[in-house]
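Visitor: what's the 3D shape of this:
(one chain, ligands or ions: 1)
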Amino acid sequence: MKDKKITIAIDGYSSCGKSTLAKDVAKELGYVFIDSGAMYRAVTYFALQNGIINADSIDVQKLISLLPSINLHFEVNSTTLLPEIYLNNKNVETEIRKPEIAARVSRIAEIKEVRIKLVDEQQKMGQGGGIVMDGRDIGSVVFPNAELKLFVTASIEVRTQRRFDELIQKGITTTRQEVQENLTWRDLIDTTRGESPLIQTEDAIILDNTALTKEEQLAHVLALVNQLISSK
Ligand code: CDP
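Guide: Presented below is the predicted three-dimensional model:
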């Protein structure tokens, strides 16, 4: 069954390298990579642009009523060969990574109707298998039958440093303290919310990448995939 295209679900805490891992695994296997967090970030960007988030309150009813007018899709960037997210046909990949989105996204991701819409779209993208998707509820809700489920974790210090470096590299001004506070805040909301919280499912394999390089974590996961495919 070497040619069978499986579904790989990668969940874990904020900024633990899930997307990096998912991208690398998908590239190596010739699978589609979907960053489900980008979709929640894009809805948050839409909410900010449309006066749905004011100061720190969210007009939930207005957002729900406007959900049908939110169209999301991914397109592969021809230079980087990585998928980028489009909101109503506008590329918002850069905007959604900014701290003002990170500061609000977990509140938007708590809204049941938002989750129903995005989970439905994610399930459609994964219908044929051959997909690597990362997020918080991929192994528990989006693809409960995924052949491989990973739960990624790393120390808060390492996660903070990685995200800090990433933002600085993109020219975004921030501090380590601001980044760490945001990660801790999102982890708390993401793990305690009523709607599909981040959990480690029983069948997920834990991957603590605190002391692993990008290459080491990739090799580890490819070995798991090979084991799985050859045992089928
Ligand atoms: O990249 P990072 O790990 O910091 O976060 P992300 O994957 O871009 O996700 C941003 C936020 O979206 C998370 O903190 C969650 O609140 C939400 N999210 C979610 O609820 N469910 C998902 N499947 C993916 C993201």
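
Visitor: from here on, contacts and neighbour counts on C-alpha atoms
Guide: Will do.

Visitor: which residues sit against the lowest-mean-pLDDT helix or strand in the chain?
Guide: Within the chain, judged by mean pLDDT, DSSP states H and E, the helix or strand with the poorest mean is strand 53-54; its value is a mean of 91. Applying Cα atoms under 8 Å, 6 or more residues apart in numbering, the contact partners of strand 53-54 are 47-48, 59.

Visitor: got TSV for the residues you listed, with neighbour count too?
Guide: Converted to TSV, these look like this (neighbours: other Cα atoms under 10 Å):
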residue	neighbour count
47	24
48	17
59	13
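
Visitor: can I get those in JSON lines with pLDDT?
Guide: JSON lines is the format used below for the contacts of strand 53-54 (pLDDT from 0 to 100):
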{"residue": "47", "pLDDT": "98"}
{"residue": "48", "pLDDT": "97"}
{"residue": "59", "pLDDT": "98"}
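
Visitor: in helices, which of the residues you listed appear?
Guide: 47-48 (DSSP state H).

Visitor: how about residue 134, what does it touch?
Guide: If you count contacts by Cα under 8 Å, 6+ apart, residue 134 has them with 9-11, 18-19, 22, 34-37.

Visitor: re the thing from before, which one of the contacts of strand 53-54 is nearest the ligand?
Guide: residue 47 (13.9 Å; Cα to the nearest ligand atom).

Visitor: show me what contacts residue 87?
Guide: Under the criterion of Cα under 8 Å, 6+ apart, the contact partners of residue 87 comprise 42, 46, 70-73.

Visitor: those residues: which two are farthest apart?
Guide: Spanning the widest gap among those are 46 and 73, at 13.9 Å by Cα to Cα.

Visitor: returning to what we had before: filter the contacts of residue 134 down to the ones near the ligand?
Guide: Counting by Cα under 6 Å from any ligand atom, 36-37 from those sit close to the ligand.

Visitor: just send the contacts of residue 134 back as CSV, with neighbour count, distance to residue 184 and pLDDT too.
Guide: Supplementary listing: the contacts of residue 134 in CSV, determined by neighbours: other Cα atoms under 10 Å; distance: Cα to Cα, whole Å; pLDDT from 0 to 100:
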residue, neighbour count, distance to residue 184, pLDDT
9, 28, 23, 98
10, 28, 19, 98
11, 28, 16, 98
18, 25, 16, 96
19, 21, 18, 95
22, 25, 22, 98
34, 25, 24, 97
35, 22, 20, 97
36, 19, 20, 98
37, 18, 16, 98
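
Visitor: tell me which of the contacts of residue 134 fall in helices.
Guide: In this view, those that belong to helices under DSSP H are 18-19, 22, 36-37.

Visitor: closest to the ligand out of those?
Guide: Once Cα to the nearest ligand atom is applied, the member of the ones in helices among the contacts of residue 134 that ends up nearest the ligand is residue 37, at 3.5 Å.

Visitor: fine by me, thanks again.
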